[in-house]
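Undergrad: need a 3D model of the following:
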Amino acid sequence: MTRISSLLKLVIPILVAFHVGLQFNLLFFRSGSGGSGGGHYRIDTDDCIDCSDLSQRDTYAYTASNSHINVDDIKQPSYLKWSTKKPRIPHNWTYATPILFHTDLQNITMFVNAATKVFPPDPNKTIIVHYHMQHNAGTSFYIIARQFTVATRACWQTSKHCSVSYDEEVEADNIRDNYRQHGLQYISYEYMLPPRFPLPFVSESAREGLFFTTIMRNPMNRLITWARSKRYTPHQRGAPPENFWNDVNGKSGAYERENLNVRWLSGALERITEDHVNIAKCRLQLFDLVIVDTTYDAAVNDVVCPLNNWQGSTFCNSTNSRGEHKSKKINPFNETDSHFVGAWIERLRPSFELYDYARILSYVQLKERGVKDIPEMSEVPSYIDTLERYTDLKLNTPKESLVTLKNIDRFHPPKEFCDNLKKVWGSNVDEVPYIYGIGALDPQ
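TA: Purely as a prediction, here's the structure:
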């Protein structure tokens with residue numbers, strides 16, 4: 001670690017000066033590229049997974065919006081590529097009670113029909129479909145839901161809870177059937193999404209009766225939670241051991257671990273490109289409610305709980321606080337070399353970019369739903385704020401780079417890019433997706 005720190009003391013000032021001084025307008029908002037989503041820079045061919053395919057993006061042949069796209073018959077841009085493996089479908093593939101499952105038996109009794117053992121659909125009830133990215137408060141969200149309804153912490157493809165089809169209508173029907181037959185009213189997807197997989201759903205018919213949510217934390221806070229895991233016993237007070245950084249820098253199965261939020265929302269298995277960040281942003285736009293650290297309490301108490309009239313003393317209480325929850329535990333990076341932490345902040349820059357967009361969306365969505373007591377949103381880009389907190393750098397943020405509603409167009413992904421993705425997501429054929437993650441079907 002000493003050798004690494006010495007090297008970084010030379011590298012980091014140069015690296016930061018390069019990015020902050022010459023390309024300060026944040027990672028994906030540089031001028032000179034056109035498009036309706038603000039200034040997006042041209043793709044650097046050194047940053048592409050497969051630039052020969054990416055260069056053909058403008059010739060991508062989309063079919064009419066009401067027909068299915070056979071992706072095997074068209075030339076795919078690299079950002080839509082996924083594993084060629086196919087899942088092995090069990091001959092008795094049916095619903096099974098989730099392993100990570102909890103419900104209050106009294107609540108079960110209240111809405112199960114004793115005669116038919118069927119959970120009758122209630123037009124006044126809303127099914128919550130949550131997308132849980134690791135270490136982004138998804139477990140806390142699940143703990144709230146399970147107090148009031150049948151909930152699964154992570155949906156399993158093997159148990160037919162989710163991921164039964166690329167076709168959003170088929171996938172939606174499976175979710176609604178699981179509610180009608182088994183009372184499953186809160187379902188949580190917890191794995192990297194294949195680029196073509198439609199979540200959230202696009203069409204109104206597929207979205208009917210469903211409410212899509214996701215939570216995104218500051219990338220540094222997410223890293224801190226990860227470092228506090230019991231498997232990483234500190235060698236010294238407040239500092240994670242070397243095996244933690246090796247894990248962060250390594251792989252989890254098929255994909256890299258760093259920048260997980262961007263990777264999981266876009267399906268980026270290898271190096272992250274501008275397209276991957278834009279895919280992630282396009283998905284975020286489709287969620288009914290994007291929740292971030294600072295808006296968590298307001299979003300839960302004023303939007304999520306009233307959906308199904310959930311009321312309680314500990315959860316879903318209108319008198320609960322509305323501020324960001326700050327942990328009293330020791331920050332595991334307090335004793336870590338600031339140059340080393342600074343290097344990781346730089347490496348997580350795509351995630352900071354996505355987080356700032358999530359902050360704006362969350363604020364806008366809460367205002368549109370009539371929430372009045374919304375915590376104030378910091379205008380400082382999260383990347384800059386985090387860099388200043390963990391290093392000795394002091395940086396000035398240009399007005400055009402501030403995270404404000406006035407600058408929202410600079411944070412939006414290109415509209416045409418998202419429209420094309422929606423055509424793909426809404427036009428998939430009915431086939432079972434191959435996924436990487438907990439509860440996935442084995443490959444053929």
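Undergrad: in contact with residue 316, which residues?
TA: Listed by Cβ atoms under 8 Å, 6 or more residues apart in numbering, the contact set of residue 316 reads 144, 148, 300-301, 305, 310. C-beta coordinates here come from the backbone N, C-alpha and C atoms, glycine included.
Undergrad: which one of those is nearest residue 380?
TA: Using Cβ to Cβ, residue 300 is the member of these that lies nearest residue 380, at 25.2 Å.
Undergrad: counting neighbours, what do you get for the closest one?
TA: A total of 23 residues lie near residue 300 under the criterion other Cβ atoms under 10 Å.
Undergrad: ok, it - contacts?
TA: Per Cβ under 8 Å, 6+ apart, neighbours of residue 300: 141, 144, 291, 315-316.
Undergrad: ok, now how distant is it from residue 218?
TA: Here residue 300 is placed at a distance of 18 Å from residue 218 (Cβ to Cβ, to the nearest Å).
Undergrad: related to what we said a few turns ago, out of the contacts of residue 300, which comes closest to residue 392?
TA: Nearest member of the contacts of residue 300 to residue 392, counting by Cβ to Cβ, is residue 291, at 32.8 Å.
Undergrad: show me what the closest one is bridged to.
TA: residue 215 (DSSP bridges).
Undergrad: related to what we said a few turns ago, in helices, which of the contacts of residue 300 appear?
TA: 141, 144 (DSSP state H).
Undergrad: mind checking which helix or strand residue 212 is in?
TA: strand 210-216 (DSSP states H and E).
Undergrad: where's that strand relative to the chain centroid, distance-wise?
TA: 9 Å (Cα atoms, centre = their mean, to the nearest Å).
Undergrad: and the strands in the chain, which stretches?
TA: 101-102, 127-131, 150-152, 184-189, 210-216, 251-252, 255-256, 289-292 (DSSP state E).
Undergrad: between these, which gets the lowest average pLDDT?
TA: The stretch with the lowest mean pLDDT among these is strand 101-102, at a mean of 54.
Undergrad: how far does stretch 175-190 stretch from one end to the other?
TA: 15 Å (Cα to Cα, to the nearest Å).
Undergrad: which parts of that stretch are buried?
TA: 175-176, 178-179, 182-190 (16 or more other Cβ atoms under 10 Å).
Undergrad: isn't residue 292 up against residue 357?
TA: No. Taking Cβ atoms under 8 Å as the definition, residue 292 is not a contact partner of residue 357, at 10.1 Å.
Undergrad: on that earlier part again, in CSV: the contacts of residue 300, plus distance to residue 427.
TA: Conversion of the contacts of residue 300 to CSV gives the following (distance: Cβ to Cβ, whole Å):
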residue, distance to residue 427
141, 31
144, 35
291, 29
315, 39
316, 38
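Undergrad: what about residue 84, how many residues nearby?
TA: Neighbour tally, residue 84, other Cβ under 10 Å: 7.
Undergrad: which residues touch it?
TA: By Cβ under 8 Å, 6+ apart, the contact list for residue 84 is empty.
Undergrad: swap in 10 Å and give it another go.
TA: 434, 443 (Cβ atoms under 10 Å, 6 or more residues apart in numbering).
Undergrad: check it and give its pLDDT.
TA: The per-residue pLDDT of residue 84 was computed as 90.
Undergrad: any idea how far it lies from residue 444?
TA: Counting by Cβ to Cβ, the gap from residue 84 to residue 444 is 11 Å.
Undergrad: could you do residue 206 as well?
TA: Counting by Cβ to Cβ - residue 206 and residue 444 are separated by 27 Å.
Undergrad: re the thing from before, could I get the strands of the chain as TSV with distance to residue 387?
TA: Listed next are those as TSV, based on distance: least, Cβ to Cβ, whole Å:
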stretch	distance to residue 387
strand 101-102	40
strand 127-131	28
strand 150-152	38
strand 184-189	32
strand 210-216	19
strand 251-252	26
strand 255-256	22
strand 289-292	19
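Undergrad: between those strands, which one is nearest to residue 422?
TA: Nearest to residue 422, of the strands of the chain and by Cβ to Cβ, is strand 210-216 at 14.2 Å.
Undergrad: what about residue 206 and residue 444, which has more around it?
TA: residue 206 (22 against 9).
Undergrad: okay but that one is in contact with residue 170, surely?
TA: Yes. Contact status for residue 206 versus residue 170: in contact at 9.1 Å, counting by Cβ atoms under 10 Å.
Undergrad: pretty sure residue 286 sits against residue 280.
TA: No. Residue 286 lies out of contact with residue 280 (Cβ under 10 Å); the separation is 11.3 Å.
Undergrad: more neighbours: those two, which one.
TA: residue 280 (28 against 19).
Undergrad: so who does that one touch?
TA: Counted by Cβ under 10 Å, 6+ apart, residue 280 has contacts 193, 216, 259, 261-268, 272, 350-351, 353-354, 357-358, 413.
Undergrad: picking up where we left off before, most surrounded residue in the contacts of residue 300?
TA: Going by other Cβ under 10 Å, residue 291 tops the contacts of residue 300 with 28 neighbours.
Undergrad: would you mind measuring from that residue to residue 128?
TA: Taking Cβ to Cβ, one finds residue 291 at 12 Å from residue 128.
Undergrad: which neighbours do those two share?
TA: 141, 213, 304.
Undergrad: and those residues, which is closest to residue 404?
TA: When those are compared against residue 404 (criterion: Cβ to Cβ), the nearest one is residue 213, at 24.2 Å.
Undergrad: just confirm that closest one contacts residue 291, I think it does.
TA: Yes. Using Cβ under 10 Å, residue 213 is in contact with residue 291, at 6.5 Å.
Undergrad: wait, residue 285 touches residue 200, no?
TA: Yes. With contact defined as Cβ under 10 Å, residue 285 reaches residue 200; the gap is 9.1 Å.
Undergrad: looking at those two, which is more packed in?
TA: The neighbour comparison of residue 285 against residue 200 (other Cβ under 10 Å) goes to residue 200, with 21 against 16.
Undergrad: what's near enough to touch residue 363?
TA: Residue 363 touches 290, 292, 294-295, 298, 371, 374-377, 403-405, 408, counting by Cβ under 10 Å, 6+ apart.
Undergrad: what about 8 Å?
TA: By Cβ under 8 Å, 6+ apart, the neighbours of residue 363 are 295, 374, 377, 405.
Undergrad: dump those to TSV, plus pLDDT and neighbour count.
TA: Output for the contacts of residue 363, formatted as TSV (pLDDT from 0 to 100; neighbours: other Cβ atoms under 10 Å):
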residue	pLDDT	neighbour count
295	94	27
374	91	16
377	91	17
405	93	12
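Undergrad: I'm done for today, thanks for sticking with me.
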